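> please find the sequence and the predicted model below.
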Amino acid sequence: MQQVTSSVIPEPRAQPLATGSFEVDAHLPVWARRTNPIVRRHLGTAWKTFLPNVSLLVRLYALQAAVMCASLFLPGLLTLLMPTVTVSLVLLPVGVIMFAQILIESGSAAATFVVDERRNDTLPLTLLIPHPILHIIYAKMSAALWRHVENLMLMSLAVVLFSMPLMIIQYDVQFHIDSAPVLVRLSLLGGLAVSILRLWIEPVMVTALAAMYGAGSRSRVQAITATLLTAGAYFLAINLARVLPVEGVWRLLIETVLPLILPLIITAAALRYSILLLTED
């Protein structure tokens, strides 16, 4: 009697749809990934965005630093940069409008995401998700920001490539480059780094404010209006501080340190108050 041996062929396992598209998010925190259920629900079909190319920004910034170092021995290099100031002047109003649009849209989206939890009476169910409430808020903020990552990256590239001529003119008027060549060049590089970081920190601050106002209201209009008014007050205060009659170290603190520290403080306070508002019920 012959025994027939049959090889068992394993059945192929079903793979999640478009898994490969999300693999680039693997190095991000769970709450920031587009595979996060909260992020995916709010993004819908808008998940197809590229991650920011941080390495490219770092290389371009290093190139600017190299030019600044070389200009210590070849001062004419700074003069060669000046013709590009016309490009900077043309891009400046476009960049301001584009950045304002990003802040308005991301803030409105984040406020809507949180308000809808109260309006739809789904807040208790959302809080049952086995994640810290802070991570839930982070996920909603991430969903609001993911739509604008590509535009923020384009703006960052424009800043690192074309903002230096304007900064050279500004710093030469305030500090006189020839009076302290090394210090002024370090200040220029610090100011450039701050300009790039602000493009990413301030949208996070606005979405944190939106989450806070959304957590305390059932009205989208109220939450969005409060968010935009608070953000407008922040930018007004930051720019008014720049016209204060101060010089030297205080001027550097206002130009470089304050625009980094203040958004972080506002963001932390807004997130803390958001947790209190969402858990007080």
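Yes, it's here. Residues are numbered from 1 along each chain as shown.
> and for Pro165, the neighbour number?
For Pro165, the neighbour count with other Cβ atoms under 10 Å is 18. For the C-beta atoms, the positions are set from N, CA and C on the backbone; glycine is no exception.
> which one is it nearest to, not counting chain neighbours?
Computed as Cβ to Cβ, 6 or more residues apart in numbering, the closest residue to Pro165 that is not its neighbour in sequence is Val85, at 3.9 Å.
> quick check: that neighbour touching Met167?
No - counting by Cβ atoms under 8 Å, Val85 does not reach Met167; the two are 10.2 Å apart.
> what does whichever strand or helix holds Ser55 contact?
If you go by DSSP states H and E, Ser55 is part of helix 54-71. Helix 54-71 is contacted by residues 77-78, 81, 156-157, 160-161, 164, 185, 188-189, 192-193, 196 when judged by Cβ atoms under 8 Å, 6 or more residues apart in numbering.
> may I see the buried residues of it?
Across helix 54-71, burial judged by 16 or more other Cβ atoms under 10 Å covers 57, 60-61, 64-65, 67-68, 71.
> tell me the one of these nearest Met98?
Leu57 (17.4 Å; Cβ to Cβ).
> mind checking how far that closest one is from Leu192?
11 Å (Cβ to Cβ, to the nearest Å).
> shared neighbours, the two?
Val160.
> distance between the ends of stretch 77-85?
14 Å (Cα to Cα, to the nearest Å).
> contacting residues around that stretch?
Contacts for stretch 77-85 (Cβ under 8 Å, 6+ apart): 67, 70-71, 162, 164-166, 168-169, 177.
> please repeat the previous calculation with a cut-off of 10 Å.
Where contact means Cβ atoms under 10 Å, 6 or more residues apart in numbering, the residues beyond stretch 77-85 that reach it are 64, 67-71, 74, 88, 161-166, 168-169, 172, 177, 185, 188.
> among these, which lie within helices?
Residues of the contacts of stretch 77-85 located in helices (DSSP state H): 64, 67-71, 88, 161-162, 164-166, 168-169, 172, 185, 188.
> buried residues, stretch 221-229. List them.
By neighbour count on 16+ other Cβ under 10 Å, the buried set for stretch 221-229 is 223-224, 226-228.
> could you do stretch 237-248 as well?
Buried residues in stretch 237-248, counted by 16+ other Cβ under 10 Å: Ile238.
> now do the end-to-end distance for that stretch.
20 Å.
> heads up, I number from 529, so please use that
With 529 as the first residue, the last one maps to stretch 765-776.
> contact partners of it?
Applying Cβ under 10 Å, 6+ apart, the contact partners of stretch 765-776 are 702-703, 726, 730, 778-783, 786-787, 790-791.
> for whichever strand or helix holds Leu608, the distance to its chain's centre please.
In this assignment (DSSP H and E), Leu608 forms part of helix 604-609. Put simply, helix 604-609 sits 31 Å off its chain's centre (Cα atoms, centre = their mean, to the nearest Å).
> for stretch 747-756, same thing?
The chain centre lies 21 Å from the centre of stretch 747-756; the measure is Cα atoms, centre = their mean.
> pLDDT averaged over that stretch - what is it?
The average pLDDT within stretch 747-756 is 95.
> ok, now stretch 800-809?
Taken as a whole, stretch 800-809 has a mean pLDDT of 87.
> can you pull the buried residues of it?
Buried-residue list, stretch 800-809, by 16+ other Cβ under 10 Å: 801-803, 805-806.
> just the CA trace of it, in CSV.
Below are the C-alpha coordinates for stretch 800-809, written out as CSV (Å, rounded to 0.1, in the frame of the first residue of the first chain):
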residue,chain,number,x,y,z
ARG,A,800,-1.7,70.7,30.5
TYR,A,801,-5.0,72.7,30.6
SER,A,802,-6.4,70.6,27.7
ILE,A,803,-6.0,67.5,29.9
LEU,A,804,-7.8,69.2,32.8
LEU,A,805,-10.7,70.2,30.6
LEU,A,806,-11.1,66.8,29.0
THR,A,807,-10.9,64.9,32.3
GLU,A,808,-13.0,67.2,34.5
ASP,A,809,-16.2,65.6,33.3
